[in-house]
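1. coords please:
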Amino acid sequence: MKKIKIIAFLLIGTAFLFSSCEDLEEEPDFTTAENFFTNPEQLEIGVNGVYDVLGYAGEWFNHFYNRYVFECQVGYQVGWEKGPLNFQNGIVDPSDIYIDAYWKQSYDAINSANTVIESADKLLAEGSTDDDLVRRVQAEAKFLRSFFYFNLIRYFDDVPFTDKRVVNDEVRPTNENGKVKVIAMMNTDLTAIADVLPAAYGGGDVGRATKWAALTLLMKGQLLDEDWTGALATAQNIVDNSGITLYDNFSHNFEVAFENQGERIFEAQVSSAVAASETNNHHAHFVPADMPTDQGGVGWHWLYGTKDFRMQYDDSDLRIPGTFLESYPTKTLGRRSDGTWPMVTWSENAEFTLTTGLVGIVAGKEADDYTQDELIFGRPHNKKWFEFGTSESWEDEEKNIVYLRYADVLLGHSEAANESNTGDPYFGINAVRERAGLSELSGLSPSALRDAIVNERVLEFAFEQETYPELKRKSTFGGNPDYLGDYIQRFIDTYGLQRQLKARDYVLPIPLVELLNNSNVEQHDVWK
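-> As a prediction, this is how the structure comes out:
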């Protein structure tokens, strides 16, 4: 998919706005699902539009962007722009623009997927020119529907549920038992489509949802549902039959040269070289503010990790070079006499602050006169979505957004085995730790191993916007365990925040606009 120009469709109600990457000689037509999806090829164009929502999709507050704002609730990833700043300070409300954007994008994608699914049923009933393609595209749409629903219930718990195409505002689904309904749909659909989707693709179809993507998402839903036996069986199926293994080098998970292969099970396709609309704005938000423009220092520099979180990694952890920028060129001092930029290196001895502005070395002498010991910085910059050597435009990005990785399967395997007291609970976590260069675990109590698995998830998936929903899944406000509460309280105490841990930190509110427009939706009790 990355090698072709993806034609994006936005399916809202009965109308679709068609836009291709090519110049149009005529004004775009508005057309209905009934008269457009008349063959398998058109159906495939429709599902391409649903995939598009996973990336930039022409929206500044896009799907992944909104998730890294939500992630700041935990306090290991922080920022100084209003969104991250509000969430890290616990200032969230139902009228929040990021929540509203995320909700709308998710339901637009779900409605689009429902339209493709229903249109596929019609094509199959009437007889198509390629039933196999229709079934595969329908399976892709069911995967994407599950993906967007799953990433709603992880944040919002009970959400409005419908598996039918909505064509007008008279259809107002309730959110009563919405989480249960989503899990039931995921179990049914993902199990079925795993027998339809191919194990791998070739050519221009590389990047579409595979059998293993469906099963990985199924496992994650089973973990959320605490179906430990089911999750263990699903994880074991992937381990035994997929042929997928961990990269020797953790960093390959986030390098352009290794996209759509190996342990990278599912990812959104990004390439400004293929089409301007297929870029993203993630590099621009994580790049250091003092990096020279000609080295890739383009953007707004809003997000970074905390020093306290960076110090949680063992010094020997091989994930550090793939997770954090350890060094980069700085423009703070100007160029050296030989025309090069001075290189700064991360140090635990350097200053760190949550506030905006440059932090690190202070200009006071010529660049040539600084020793390397003086060229240090203390702000833990995220390397996973950073691109060295980009042009002087933030829009020139090539890194895909990785949503599902094999390490997730391995840690899910250990979690399910530990919680069900079945199988080998050390198999998965020790494989992940071995790749990280860490010692194997053994002889832990179930509760101690649970703690270790949660901690390993946090370190493995830092900055991938998985930490808040994963800690939330394993926590209860005021309960035991309360991993989310422990992280938030540690952040509050370490940096002296005027914030109090509260029940509202454990679920995002239903957007106000949804409550105003749908009388069948009820706000969460803690948000009333």
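2. report pLDDT for residue 374.
-> We have a pLDDT of 90 for residue 374.
3. so where is the stretch 1-150 of the chain shaky, pLDDT-wise?
-> 1-35, 57-58 (pLDDT under 70).
4. please redo it, this time with the cut-off set to 80
-> Low-confidence segments of the stretch 1-150 of the chain (pLDDT under 80): 1-36, 56-61.
5. by mean pLDDT, which helix or strand of this structure comes out lowest?
-> strand 15-19 (a mean of 30; mean pLDDT, DSSP states H and E).
6. quickly list what the closest residue to residue 326 other than its chain neighbours is bridged to.
-> In this structure, residue 326 finds its nearest non-sequential neighbour in residue 346, 5.4 Å apart by CB to CB, 6 or more residues apart in numbering. The C-beta positions use only the backbone N, C-alpha and C, and glycine is treated the same way. Counting by DSSP bridges, residue 346 is bridged to residue 377.
7. just give me the neighbour total for residue 346.
-> By the criterion of other CB atoms under 10 Å, residue 346 has 21 neighbours.
8. so it sits right up against residue 327, yeah?
-> Yes - between residue 346 and residue 327 a contact is recorded at 7.0 Å, counting by CB atoms under 8 Å.
9. which residues touch residue 234?
-> 215, 218-219, 222 (CB atoms under 8 Å, 6 or more residues apart in numbering).
10. okay, buried residues for the helix with the most length in the chain please.
-> Ranked by residue count under DSSP state H, the longest helix found in the chain is helix 97-126. Neighbour counts over helix 97-126 (16 or more other CB atoms under 10 Å) mark 98-120, 123 as buried.
11. which other helices and strands does it contact?
-> Helices and strands touching helix 97-126, by 3 or more CB pairs under 8 Å, 6 or more residues apart in numbering; DSSP states H and E, are strand 8-12, helix 33-36, helix 40-52, helix 63-70, helix 131-156, helix 512-517.
12. hmm, 10 Å instead?
-> strand 8-12, helix 33-36, helix 40-52, helix 63-70, helix 82-88, helix 131-156, helix 512-517 (3 or more CB pairs under 10 Å, 6 or more residues apart in numbering; DSSP states H and E).
13. now the angle from the third one to helix 131-156?
-> Using axes from the mean of the first three to the mean of the last three CA atoms, to 10 degrees, the interaxial angle of helix 40-52 with respect to helix 131-156 works out to 20 degrees.
14. could you export helix 40-52 as CSV, CA atoms only?
-> Extracted C-alpha coordinates of helix 40-52, given in CSV (Å, rounded to 0.1, in the frame of the first residue of the first chain):
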residue,chain,number,x,y,z
PRO,A,40,-14.6,-5.6,-6.1
GLU,A,41,-12.1,-2.9,-7.2
GLN,A,42,-14.4,-0.1,-6.0
LEU,A,43,-14.9,-1.9,-2.7
GLU,A,44,-11.1,-2.1,-2.3
ILE,A,45,-10.9,1.7,-2.8
GLY,A,46,-13.4,2.0,-0.1
VAL,A,47,-11.4,0.0,2.5
ASN,A,48,-8.3,2.0,1.5
GLY,A,49,-10.1,5.0,2.9
VAL,A,50,-10.6,3.4,6.2
TYR,A,51,-6.9,2.5,6.4
ASP,A,52,-6.1,6.1,5.7
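15. elements contacting that helix?
-> So helix 40-52, by 3+ CB pairs under 10 Å, 6+ apart, packs with strand 8-12, strand 15-19, helix 33-36, helix 97-126, helix 131-156.
16. next one: the fourth one
-> For helix 63-70, the helices and strands in contact under the criterion 3+ CB pairs under 10 Å, 6+ apart are strand 77-79, helix 82-88, helix 97-126, helix 131-156, helix 283-286, strand 401-405, helix 467-473.
17. hang on, the earlier thing: residue 518 is nearest to which of the helices and strands packed on helix 40-52?
-> helix 97-126 (10.7 Å; CB to CB).
18. which neighbours do residue 346 and residue 327 have in common?
-> 376-377 (CB atoms under 10 Å, 6 or more residues apart in numbering).
19. residue 499 is in contact with residue 91, correct?
-> Yes - counting by CB atoms under 10 Å, residue 499 is a contact partner of residue 91 at 8.4 Å.
20. the more surrounded of these two?
-> Comparing residue 91 with residue 499 by other CB under 10 Å, the one with more neighbours is residue 499, at 17 against 11.
21. on the three-state scheme, the more buried one is what?
-> Secondary structure, DSSP: H, G, I helix; E, B strand; the rest coil: residue 499 is coil.
22. phi, psi for it please.
-> phi -140, psi 140 (degrees, to the nearest 10).
23. excluding chain neighbours, what is closest to it?
-> residue 90 (4.4 Å).
24. how about residues contacting stretch 521-528?
-> Residues contacting stretch 521-528 (CB under 10 Å, 6+ apart): 92-94, 156-160, 172-176, 178, 477, 502-512, 514-515.
25. in that stretch, what counts as buried?
-> Quick answer for stretch 521-528 (16+ other CB under 10 Å): 521, 524.
26. so the residue lying closest to residue 64 once chain neighbours are set aside versus residue 211, what's the distance?
-> Leaving out its chain neighbours, the residue that sits closest to residue 64 by CB to CB, 6+ apart is residue 401, at 5.2 Å. As judged by CB to CB, to the nearest Å, residue 401 and residue 211 stand 21 Å apart.
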